[in-house]
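Participant: Prediction below, plus the sequence it came from.
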Amino acid sequence: MSDQTSALLRAFVPASRRDLYLSHLGSLKGRALLRQALRQFRDFDWQYVRPVPPAHHSPVALHALLREHGATGFCYLLSVDEALDGRTMPLVDALRQVMGCGSRTFISCLPGRLAYFEGDTAGERYLLERTDRGDDPGGYEC
C-alpha cells in the first residue's frame, strides 16, 4: 500500500512538500493524517496536472480517456473516504464509486506515471500524467 502511495506522491507533489506527505506513510496514524490532509489538498506539481475536459465528466468517458493514456484494468486509491482508501480495484468500478461522490480521491492508474484526482467541488477533476520518467530529483519507482 505505501509503495503505491509513495509513487503517487513522489510523482505529483512538488519536492518542497513531498517529504511532509511521505512522512505519513508507514503507520495507521500517519495514514489517517494523510487522509485528513487530502481534505484541503492543493499541493500538486502543476506541470503534470491538467483539468479533465467536460466531455469526459462521466465514468465511462473518463475510463476511455485514461485507457487512451495507458491505464490498465486495475487501479489503486488514496482517498479521504476510509472505505475506499488503500484499495485496489477495477478502474471502471473506482470511477463509478468516486465520481460525483464528493470524496477527495486520487486514483493511481500507473504508479508514478498516470493518475486521476476527484475533488469535492464541481469541475475539480484532474488528469495527472508524467512521461519524463527519471528526471525528478526526488525519484520515484513504478
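Facilitator: The structure has been received and is ready for your questions. Everything numeric here is computed off the predicted structure, so don't read it as measured data. Numbering: from 1, shown residues only.

Participant: only C-alpha atoms for contact and neighbour calcs from this point on.
Facilitator: Fine.

Participant: So residue 8: helix, strand or coil?
Facilitator: Secondary structure for residue 8, judged by DSSP: H, G, I helix; E, B strand; the rest coil, is helix.

Participant: mind listing what it touches?
Facilitator: Residues counted as contacts of residue 8 (CA atoms under 8 Å, 6 or more residues apart in numbering) are 108, 111, 112, 113, 115.

Participant: And it, how far from residue 94?
Facilitator: For residue 8, the distance to residue 94 equals 16 Å [CA to CA, to the nearest Å].

Participant: What is the three-state secondary structure of the residue positioned nearest the centre of the chain?
Facilitator: Nearest residue to the geometric centre of the chain (CA atoms, centre = their mean): residue 106, 2.7 Å. The assignment at residue 106 comes out as strand when based on three-state DSSP.

Participant: So which of the contacts of residue 8 sit within helices?
Facilitator: Using DSSP state H, no member of the contacts of residue 8 sits in helices.

Participant: Next, format those residues as a markdown table and append pLDDT.
Facilitator: Listed next are the contacts of residue 8 as a markdown table, based on pLDDT from 0 to 100:
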| residue | pLDDT |
| --- | --- |
| 108 | 97 |
| 111 | 95 |
| 112 | 95 |
| 113 | 97 |
| 115 | 98 |
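
Participant: Let me know how buried the residue nearest to residue 26 when sequence neighbours are not counted is, in neighbour terms.
Facilitator: In space, and not counting its chain neighbours, residue 26 is closest to residue 2: 6.8 Å by CA to CA, 6 or more residues apart in numbering. Residues near residue 2, counting by other CA atoms under 10 Å, number 14.

Participant: Pretty sure residue 2 sits against residue 25.
Facilitator: Yes - proximity of residue 2 to residue 25 meets the contact threshold set by CA atoms under 8 Å, at 6.1 Å.

Participant: Nothing else from me, thank you.
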